[in-house]
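**Q** Mind looking at a prediction? Sequence and model below.
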Amino acid sequence: MGQLLTSTESLDISISKELEAQGVSRRNFLKFCTAITAAMGLPANMVAKVAETITSPTRTPVIWLHFQECTGCTESLLRATHPTVEELVLDMISLDYSETLCAAAGHQVEKSLNDSATLNEGKYILVVEGSIPVKENGIYCKIADRTALDILNDYGNRAAAVVAIGSCASWGGVQSSSPNPTGATGVHEIIKDKPVINLPGCPASPYNLLSTVLYYLTLGKLPQLDGKGRPRFAYGRLIHEHCERRPHFDAGRFARQFGDDGHREGYCLYELGCKGPETFNNCSSILYGDVGSGAWPVGTGHPCFGCSEEGVGFTKYIHEQAEIFTETPPAYYPGIADEKEMGVTPGSAAILGGIAGAAIGSGYMAVSRKNKLEAEVTEKEE
Ligand code: SF4
Ligand code: F3S
C-alpha cells in the first residue's frame, strides 16, 4: 500500500471488480465498450468514460410502462447476449417498475410505482412500450382501473425524459393499421412538453436502447434526434446503404421468387418487397438478435418489411416494392438464367458488383450493365 494510483488505474481496478462479479472478462468488456462508443458516434477517447458509466454504482431510476403491445421489445432485450445487454442495462438503471419483471403484484407494485415517481420527480426516465388508444377517452386499454392515456399523462409529465421503445410506442405500430379501431397512437402525440425519444422497431434493437441510455448517462444530455425523434446515430442511414446484398442490387441481380436460384445465391430481395431502400435503421450495420453474422431479417433471406418506419411497416403491403430515394432499380434486367447464358457467373458478377458498388457507388454498374445489354440486344437484332 502507500502507492498512489492514477485515475485510469483506479478506474481499471473498479471495472475489473465489477466484471469479475458479473463473470465477464475485462478484455471482452472493453471490446464491447469500444464498439458501443463507436455506434453512438462518439470518439475513441470516450471509451473509458463509457466503461465508467456502465460500472458506476449510481443508478438512474426508470419506470417502464406497458400498454397496447406484445412485450416483444422487453423479450428482445432479455434474450440478448454477448455480454448480456439486459444485464448492462439493468445494472445501469434502477428499474423501479415494470409489469413484466416485477416480483411483486397488486397494490404492492402500484405503491412502488407511485413511490418512485414521487421520490424521483423530474429525475426518472420513463420507458413506454406499446401504443396508446385514444378513441372514446382511451377505454380500450386500462390498468388498475386507469386508462393508458391517464397513466401516461401522469407519469410522463413527471419524468425527466421519455423513451418510446418499439414501433407501437413510437408511432402506433401494428395496432394503428387501418382502420385503427382503438385510435392507437404514439407517445409523442400525447406528451408534448417533455423530450420524447423514439426507438422504433418491431421489436426495437436492444442495442439502440442500451446506447441511448448510455449516451444520456455518460454525457448528461440526450443524443441528437432526427425529424421523427429518433437518435441520429442509430437511425441516420437507410438499411439499403449498408446491406450485405447491396452489390447485387447495384449489379441488377434480384431474387424473383422465394426459393428460386437468385434467392439461394443471396441476391437482392428488392423485387420480393424489401423496404430497405426506404427504412432508416441500423439493422444492416450492427445486425440484430445477437446470434452471429447474418442475424437480421435480410440476412436470413426475408425482405425487410420496414418494421421501424412510420408509413411503411404495417402500412404498405409486404410484396409492394419500396420507393428508391437514390436510384430507380433496373427492372428491365433479364433473369439470372440469361446472365449465365451471357457467360457471367453469379459469383464473378457478385465480386465485380461488390467492388464497383463499394468504390463508385450504385449508379455505375447499373448504367454500364444497361449499356452492355442494350449493345447485345442491338447486335442480335442486326
Ligand atoms: Fe438489401 Fe433490400 Fe436494399 Fe436489396 S433492396 S440491397 S435486400 S436492403
Ligand atoms: Fe425491421 Fe427491416 Fe430491421 S423489418 S428489424 S427494420 S431489417
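**A** Cool, got the structure. Numbers count the residues shown, from 1 in each chain. Ligands and ions are numbered 1, 2, ... in the order given.

**Q** Let me know the pLDDT of the residue of the chain found nearest ligand 1.
**A** The chain approaches ligand 1 most closely through G276 (2.3 Å), counting by Cβ to the nearest ligand atom. For the C-beta atoms, the positions are set from N, CA and C on the backbone; glycine is no exception. On the pLDDT scale, G276 is placed at 96.

**Q** buried set for stretch 123-134?
**A** 124-134 (16 or more other Cβ atoms under 10 Å).

**Q** L78: which of those is nearest?
**A** Closest approach to L78 among those (Cβ to Cβ): E129, at 12.4 Å.

**Q** which ones are touching the residue of the chain closest to ligand 1?
**A** Contacts for G276 (Cβ atoms under 8 Å, 6 or more residues apart in numbering) come out as 238-240, 243, 269-270, 284, 298, 303-304, 322.

**Q** Could you provide those residues in a markdown table, with additional columns for pLDDT, secondary structure and distance to R26?
**A** Below are these laid out as a markdown table (pLDDT from 0 to 100; DSSP: H, G, I helix; E, B strand; the rest coil; distance: Cβ to Cβ, whole Å):
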| residue | pLDDT | secondary structure | distance to R26 |
| --- | --- | --- | --- |
| L238 | 94 | strand | 37 |
| I239 | 94 | helix | 34 |
| H240 | 94 | helix | 38 |
| C243 | 92 | coil | 34 |
| L269 | 97 | coil | 41 |
| Y270 | 96 | helix | 44 |
| S284 | 89 | helix | 30 |
| V298 | 94 | helix | 34 |
| P303 | 96 | coil | 41 |
| C304 | 96 | coil | 37 |
| A322 | 92 | coil | 44 |
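
**Q** quick one: secondary structure of N114?
**A** helix (DSSP: H, G, I helix; E, B strand; the rest coil).

**Q** Can you list the residue ranges for strands in the chain?
**A** For the chain, the strands defined by DSSP state E cover 60-66, 93-98, 125-129, 132-133, 142-143, 146-147, 161-165, 184-185, 196-199.

**Q** Tell me the spatial nearest neighbour of the closest residue to ligand 2 within the stretch 1-150 of the chain, not counting adjacent residues.
**A** Of all residues in the stretch 1-150 of the chain, S76 sits closest to ligand 2, at 9.9 Å by Cβ to the nearest ligand atom. Excluding its sequence neighbours, the residue lying closest to S76 (Cβ to Cβ, 6 or more residues apart in numbering) is P203, at 3.9 Å.

**Q** thinking again about what came up before, least confident of the strands of the chain, on average?
**A** strand 93-98 - the lowest mean pLDDT of the strands of the chain, at a mean of 84.

**Q** still on that earlier bit, who wins for proximity to F254 among the strands of the chain?
**A** strand 196-199 (31.3 Å).

**Q** Can you tell me what sits against that closest one?
**A** For strand 196-199, using Cβ under 8 Å, 6+ apart, the contacting residues are 161-166, 169-171, 186-188, 205, 208-209, 212, 222-223, 225, 228-231, 234.

**Q** quick one: that strand to chain centroid distance?
**A** Between the centre of strand 196-199 and the centre of its chain there are 11 Å (Cα atoms, centre = their mean, to the nearest Å).

**Q** Which positions in the chain make contact with ligand 2?
**A** 201, 239, 279, 281, 283, 288, 296-298, 304-308 (Cβ under 6 Å from any ligand atom).

**Q** Mark which of those residues are buried, thanks.
**A** 201, 239, 279, 281, 283, 288, 296-298, 304-308.

**Q** Looking at those, which has the smallest pLDDT value?
**A** Y288 (72).

**Q** hang on, isn't that residue packed against S205?
**A** Yes - using Cβ atoms under 8 Å, Y288 is in contact with S205, at 6.0 Å.

**Q** Measure how buried T300 is and give me the count.
**A** If you count neighbours by other Cβ atoms under 10 Å, T300 ends up with 10.

**Q** do the same with N198
**A** 27.

**Q** now it, which residues is it bridged with?
**A** A164 (DSSP bridges).

**Q** do C268 as well
**A** Assigned bridge partners for C268, using DSSP bridges, are F254.

**Q** Surely it touches V298?
**A** No - look at C268 against V298 with Cβ under 8 Å: they stay out of range, at 9.1 Å.

**Q** hey, what's in contact with both of these two?
**A** What both C268 and V298 touch, as defined by Cβ under 8 Å, 6+ apart, is the set 245, 274.

**Q** Surely A255 touches G273?
**A** No - between A255 and G273 there is no contact under Cβ under 8 Å: 10.7 Å.

**Q** and A117, what does it touch?
**A** A117 sits next to 63, 124, 154-155, 158 when contact means Cβ under 8 Å, 6+ apart.

**Q** how about a cut-off of 7 Å?
**A** 63, 124, 155, 158 (Cβ atoms under 7 Å, 6 or more residues apart in numbering).

**Q** Give me the subset of those residues that lies in helices.
**A** Y155 (DSSP state H).

**Q** want to throw the contacts of A117 into JSON lines with distance to M46?
**A** Shown next, in JSON lines, are the contacts of A117 (distance: Cβ to Cβ, whole Å):
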{"residue": "I63", "distance to M46": "28"}
{"residue": "Y124", "distance to M46": "25"}
{"residue": "Y155", "distance to M46": "31"}
{"residue": "R158", "distance to M46": "31"}
